[in-house]
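Undergrad: Fold the following, please.
(one chain, ligands or ions: 1)
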Amino acid sequence: MTTTSTFGADRAAELLAHPDLVPPLAEAGADGGLAWLRANVARFASGERHARYRGQVGELLGRMEPGRLRVRAAELAREVVAGAPGEVDVMAAIAREVPVRVLGEAVGIGCAAGGERGPENASAVGTGIADGVEVAAVRAVAAGYLSGEATEERDAAVESLVAACGGEHDEATAAKIGLLVQACEATAALIGNALAAMLGDSAAVSSDRSGQGERAEGGEQVGQGGDGEEAGSPQGASQEDRSRPGGTGVGDTARSAPITVAAELRSNPPVRATVRLAARAIEVPADPGHSPVGGAALSTSGRPPVGSKHTGSAAEGVSLAPGDLVLISLSDGPHSLPFGAGPHACPGRDQAIAIAIGVCEALRHTRLLTAPIEYEPLPNLRIPTRLEVAP
Ligand code: HEM
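TA: Alright, predicted model coming up:
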């Protein structure tokens, strides 16, 4: 029987860097569908294959300019609101739609034949939306991506995305599709949580503008350039942002988008936990400062692992046999690791933040209608079900 041990986020950095703890790996061999995709992306690979796949996705992301992604995301979000007759459900019409479309443009999906809109220029303002990206297909794949549970719909969705990439079942195609699938739900959750905080918290925020509010709680600054960049003036800030006194882009009633995104990442990380598997027998020593995780066991599929024994807290340290699972929280106040850690840490951090800020900026003067906000019943992802706003 597989044993499952649960660790708090205070042990996450150490465990995610452990060379003998690997993500549940995908089996090679399938020539199409969800199984093929999973076998050809970094998320479910280890060792040399992981390094190669990660290099491919890193190269795609490295060609993107976060400031442009931010501007394009804002532009598309504004288009959706302007084109709607009244209220807009952000989760249905924007939170997944915009990131997938912006990133689809950036990796050139939908223009494989002519190649006139490649990764170098695709995220520039003024280019059209990549015709080939079906957001519904990306969502369908995302629903089975972690669990590996294939259905006809999910396999067909992978194939439609392969076709949009030019029809080749090769590693380059898998890297593009994997990038969109990884981004879809997590970025939607970040957008949903940040927007809910920004629009729902306007009164508290007006009093937060007297200096300290220019920096996210805890001192971390968020911008596309990473550490050390001013939260209020990240690269890619719109002209409107820069021309405001203080240059922060802070709206009249709402906290600024960069500050809100930074604060939400820390206090309300979208990805709550992840899973690793022991590749060989390992002793995980006790940590005197360890805080055990309460609640039910989590799993990659969002359900308790089948046929497993949950050992509860690992405060006293555990002996893992090959194949044993480790459930690692990423969301625990000061210990939170919203983008993970170690060799599989999210390579899309800067791009995701840029897109989330762009969407939040575009919607910062809308009114939030949904209250109370309900969340999808997913233990691994904190994502609002609906978020209706009015212009
Ligand atoms: C532009 C949007 C995004 C892209 C392109 C992206 C891409 C990826 C990729 C390719 C991986 C797998 C890396 C590997 O296994 O080596 C990954 C992992 C991860 N991503 Fe992202 N991601 C995005 C947004 C987000 C967001 C918004 C969050 C949450 C705040 C997030 C959290 C994570 C975490 C926690 C992992 C590590 C999972 C683990 O170690 O088990 N990602 N991401």
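Undergrad: only C-alpha atoms for contact and neighbour calcs from this point on.
TA: Noted.
Undergrad: Next, the distance between the ends of stretch 82-91.
TA: 16 Å (CA to CA, to the nearest Å).
Undergrad: Next: stretch 83-103.
TA: End to end - CA to CA - stretch 83-103 spans 22 Å.
Undergrad: what sits up against it?
TA: 69, 72-73, 76-77, 80-81, 123, 129-130, 133, 135, 138, 180, 183-185, 187-189, 191-192, 352, 355, 359, 384-391 (CA atoms under 8 Å, 6 or more residues apart in numbering).
Undergrad: Over to stretch 23-41?
TA: Against stretch 23-41 from outside (CA under 8 Å, 6+ apart): 43-46, 50, 53-54, 141, 144-145, 148, 150, 154-159, 169, 171, 174-175, 177-178, 275-277.
Undergrad: Narrow the contacts of stretch 83-103 to those in strands?
TA: If you go by DSSP state E, these have E388, V389, A390 in strands.
Undergrad: any chance you could map the strands in the stretch 151-300 of the chain?
TA: Taking DSSP state E, counting those that start in this stretch as the test, the strands found in the stretch 151-300 of the chain are 273-278, 282-284.
Undergrad: The first one pairs with which strands, parallel or anti?
TA: Within its sheet, and counting by DSSP bridges, strand 273-278 is paired with strand 21-22 (antiparallel), strand 325-329 (antiparallel).
Undergrad: and stretch 153-164, which residues are buried?
TA: R154, D155, A156, A157, V158, E159, S160, L161, V162, A163, A164 (16 or more other CA atoms under 10 Å).
Undergrad: Next: stretch 324-335.
TA: Buried, per 16+ other CA under 10 Å, within stretch 324-335: D324, L325, V326, L327, I328, S329, L330, S331, D332, H335.
Undergrad: need the helices for the stretch 51-200 of the chain, in chain order.
TA: Counting by DSSP state H, counting those that start in this stretch, one finds helices in the stretch 51-200 of the chain at the ranges 66-83, 90-93, 97-107, 135-145, 152-164, 171-200.
Undergrad: Not counting sequence-adjacent ones, nearest residue to the residue nearest the centre of the chain?
TA: For the chain, the residue nearest the mean C-alpha position is A186 (3.0 Å; CA atoms, centre = their mean). In this structure, A186 finds its nearest non-sequential neighbour in P270, 6.2 Å apart by CA to CA, 6 or more residues apart in numbering.
Undergrad: Neighbours of the one you found, how many?
TA: 26 (other CA atoms under 10 Å).
Undergrad: That one against L378, yeah?
TA: No: using CA atoms under 8 Å as the test, P270 is too far from L378 to be in contact (10.7 Å).
Undergrad: Mind listing the shared neighbours of these two?
TA: With CA under 8 Å, 6+ apart, P270 and L378 have no common neighbours.
Undergrad: sorry, back to before: the ligand next: which of the contacts of stretch 23-41 are close?
TA: R43, R54 (CA under 6 Å from any ligand atom).
Undergrad: Filter the contacts of stretch 23-41 down to the buried ones, ChimeraX style.
TA: Filtering the contacts of stretch 23-41 down to the buried ones (16+ other CA under 10 Å) takes a single ChimeraX command:
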select :43,44,45,46,50,53,54,141,144,145,148,150,154,155,156,157,158,159,169,171,174,175,177,178,275,276,277
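Undergrad: quick revisit: as CSV, the strands of the stretch 151-300 of the chain with distance to A13 and mean pLDDT would be great.
TA: Putting the strands of the stretch 151-300 of the chain into CSV (distance: least, CA to CA, whole Å; pLDDT from 0 to 100) gives the following:
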stretch, distance to A13, mean pLDDT
strand 273-278, 12, 97
strand 282-284, 13, 92
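Undergrad: Which one, of the ones you listed, ends up nearest to R364?
TA: strand 273-278 (29.4 Å; CA to CA).
Undergrad: quick one: contacts of the closest one?
TA: Here strand 273-278 has contacts from 16, 20-24, 298-300, 320-331, 380-381, using CA under 8 Å, 6+ apart.
Undergrad: circling back: buried deepest among the helices of the stretch 51-200 of the chain, which one?
TA: Looking across the helices of the stretch 51-200 of the chain with neighbours counted as mean count of other CA atoms under 10 Å, the highest average goes to helix 97-107: a mean of 28.
Undergrad: what is the orientation angle of that helix with helix 66-83?
TA: Angle, helix 97-107 to helix 66-83, by axes from the mean of the first three to the mean of the last three CA atoms, to 10 degrees: 140 degrees.
Undergrad: Mean confidence (pLDDT) on helix 97-107, please.
TA: For helix 97-107, mean pLDDT rounds to 96.
Undergrad: and if you look at stretch 35-47?
TA: pLDDT averaged over stretch 35-47 gives 98.
Undergrad: Could you do stretch 338-357 as well?
TA: 98.
Undergrad: Show me how this structure divides into domains.
TA: 2-22+271-335, 36-204+213-270+346-391 (automatic domain parsing).
Undergrad: Perfect, that will be all.
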